[in-house]
Structure formats: C-alpha cells, structure tokens
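Asks: With the sequence up front, the predicted model follows.
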Amino acid sequence: MGNIDPFVEGFKRFQRQLYGDNERLAAKLKKGQNPQTLIIGCCDSRVDPALLMDCAPGDIFTVRNVANLVPPYESDDAFHGVSAALEYAVCTLKVKDIIILGHSSCGGIEGLLSATEGEMVGEFIGRWVDIASAARERALQRIASGSQEELSCLCEQEAVLTSLANLHTFPWLKQRVDAGELHLHGWYFHIETGRLFGYCTEKGRFEVLVDGYTPFIS
C-alpha cells in the first residue's frame, strides 16, 4: 500500500507558507491568474518546471507530457490536450514567452529511438513520441557512430527544435510571434551535470545558459 502521508504534510506546509506567511500573494491569486510565461515540459518526476526555476504560484502556466512535445496544428474532431492548453495560454492569458523545456535521460526519447528497431512502445506512448520522428532521423544522420548517451542527448535536443517548429503551425500563435508579441525559447536541462542550455537561433546550436553547480567551499 502506498504512503501519501508525506504529500499531505507537504500540503500543510504549503498552506501555511502561502495563506499564513504570504497574505498578499494569496489575495492576488484569489482574483485569478496572470502568468507571462508558458512552459511545456516533460512528465518526468525529476524536471518539475516550477521547482527547477524556483517559481511561486501564479508565475508560470505549465503543460507537461511525455517528452515535452508539441504536436502540429490539426483542425479536426479529435481530442487535443496540448493544443487546447496552447490556445488558452496564447489567446486568453496572452503569455509573452513560451519555453520548450527538454532534458537528458528522457524515457520518451529512449522509446522513440527504440522505434528505429521496429519496436512500438506501449499502447499510446509510441504513437505520441512519433511526433518527434524527424528529430530522431536528424540525430541519427548527425551521429553515424557514437555512444548511446550522445545519440540520446542529441535526439532530445532535436525534439525540442521539432516542438518549436510545430508551434509555428498554429496560426493564432504565429500571428503573435510575427507581431513581436510572443517569443519562443528552446531549453535543455542536463540532469547529470546540472547545466541548463538554451537554443541560439543565430548560431544554430544549444549554448550554456547556466553552468554546472559548484558548491561554495569556505
């Protein structure tokens, strides 16, 4: 039987900190939300965007799914959870920035890469991560020989770029980008080193935004 007691105690601490120690923020949140940034991250338990960026409640509007993917725009009768969240963030909340937050050791990307051997992962996962099939092909072309870790890292970064490209297929989103009202960012968190990378469009590569953590030693 699972133990959820730590989560209940955690909520009590959150409740005390927000409603007891930060009455001004609590009063603001009661009136509604006004985040300026949408973050599309992975479901991975190690990469919670609010924790990684030390955000307060109300700071970010967050969408999380397997492998932090954005599907291309489709106008049909299917269910589109990510697209619905995008529409709300862009058209209703009118966020000013969208960050695609990828990360290393991503299980979804591992599943995508295994598909090159003819394997389909799960009932739903394989079809979902196939959104990034072009990223897989680009990664395989760029690394003809190399370690699995290098291939995975490159594919994870290429998947971020695929999602960025897919954002442009949403007409109402592209309109705001072209008007300079919305800015798109591709980030990559390398769990093993603690580094944060950002994609530089001008240079066509990911560059370090925050270097690895070095503890202060007195």
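Replies: Looks like it came in fine.

Asks: Only C-alpha atoms from now on, for both contacts and neighbour counts.
Replies: OK.

Asks: Is the most centrally placed residue in the chain within a helix or a strand, and which one?
Replies: Residue closest to the mean C-alpha point of the chain, counted by C-alpha atoms, centre = their mean, is Gly41 at 2.0 Å. Element membership of Gly41 [criterion: DSSP states H and E] is strand 37-42.

Asks: what pairs with that strand, and is each one parallel or antiparallel?
Replies: Using DSSP bridges, strand 37-42 pairs in its sheet with strand 60-65 (parallel), strand 97-103 (parallel).

Asks: Quick check: Val160 vs Asn34, distance?
Replies: Noted for Val160: a distance of 26 Å to Asn34, by C-alpha to C-alpha, to the nearest Å.

Asks: Repeat that for Ser105.
Replies: With the distance defined as C-alpha to C-alpha, Ser105 ends up 33 Å from Asn34.

Asks: now do Val121
Replies: Remark: distance between Val121 and Asn34 (C-alpha to C-alpha) = 38 Å.

Asks: what's the answer for Val8, then?
Replies: For Val8, the distance to Asn34 (C-alpha to C-alpha) stands at 27 Å.

Asks: Out of these two, name the residue with the larger neighbour count.
Replies: Taking neighbours as other C-alpha atoms under 10 Å, Val8 and Asn34 compare with Asn34 leading, 17 against 11.

Asks: sec struct for that one, please.
Replies: With DSSP: H, G, I helix; E, B strand; the rest coil as the basis, Asn34 sits in coil.

Asks: does it really touch Tyr88, like I thought?
Replies: No. The criterion here is C-alpha atoms under 8 Å, and Asn34 misses it with Tyr88 at 11.9 Å.

Asks: Deepest-packed of the strands paired with strand 37-42, please.
Replies: Scoring the strands paired with strand 37-42 by mean neighbour count under mean count of other C-alpha atoms under 10 Å gives strand 97-103 as the most buried, with a mean of 24.

Asks: what are the C-alpha coordinates of whichever helix or strand comes after it, in CSV please?
Replies: Next helix or strand after strand 97-103 toward the C-terminus (DSSP H and E): helix 107-114. Only the C-alpha atoms of helix 107-114 are listed here, as CSV (Å, rounded to 0.1, in the frame of the first residue of the first chain):
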residue,chain,number,x,y,z
GLY,A,107,12.3,7.9,-21.3
GLY,A,108,10.1,9.1,-24.0
ILE,A,109,13.0,9.8,-26.3
GLU,A,110,14.5,6.4,-25.4
GLY,A,111,11.2,4.9,-26.6
LEU,A,112,11.4,7.0,-29.8
LEU,A,113,15.0,5.7,-30.5
SER,A,114,14.0,2.1,-29.9
